[in-house]
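Participant: build the 3D model from these lines:
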Amino acid sequence: PPPTLAPGQISIGSFVQISGTQGEGLRIRSQPGLKGTQLFLGFDTEAYTVMDGPREVDGYTWYYLAAINDQKRTGWAASNFLTVIQNP
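Facilitator: Model (predicted):
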């Protein structure tokens, strides 16, 4: 059977929003890890669909995200600043 997810746990197909960056934004990268090229900044309250992950790199857990409102905004983000939300 698939693993049971705790409430609020990130999984493929779940929706997340960026939170807790104090307005600095979250670097969305070309690959998981701090060496991945920064593609763009995601800002607090922006909503994304989780497409892939998790990957453990550089002490962070990374997920591949696609912006709900702009499918061209995709990339890897550290889970520290992601919060699971209901279908936006």
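Participant: how about the longest strand seen in the chain: buried residues?
Facilitator: In the chain, assigned by DSSP state E, the strand with the most residues is strand 47-57. Within strand 47-57, the residues scored as buried using 16 or more other CB atoms under 10 Å are 47, 48, 49, 50, 53, 54, 57. From N, CA and C alone the C-beta is placed, and that goes for glycine too.
Participant: repeat for stretch 30-43
Facilitator: Within stretch 30-43, the residues scored as buried using 16+ other CB under 10 Å are 32, 33, 36, 42.
Participant: not counting sequence-adjacent ones, nearest residue to the first one?
Facilitator: The one in question is residue 32. Nearest residue to residue 32, sequence neighbours excluded (CB to CB, 6 or more residues apart in numbering): residue 62, at 3.5 Å.
Participant: and the second one, by the same measure?
Facilitator: Distances taken as CB to CB, 6+ apart place residue 57 nearest to residue 33, at 3.8 Å, with adjacent residues excluded.
Participant: from residue 88, how far off is the one you found?
Facilitator: Here the criterion is CB to CB, to the nearest Å. By it, residue 57 lies 27 Å from residue 88.
Participant: now do residue 32
Facilitator: Distance, residue 32 to residue 88, by CB to CB: 24 Å.
Participant: repeat that for residue 37.
Facilitator: Taking CB to CB, one finds residue 37 at 27 Å from residue 88.
Participant: quick one: contacts for residue 20?
Facilitator: 44, 80, 81, 83 (CB atoms under 8 Å, 6 or more residues apart in numbering).
Participant: now the first one: which helix or strand?
Facilitator: Assigned by DSSP states H and E, residue 44 falls within no helix or strand.
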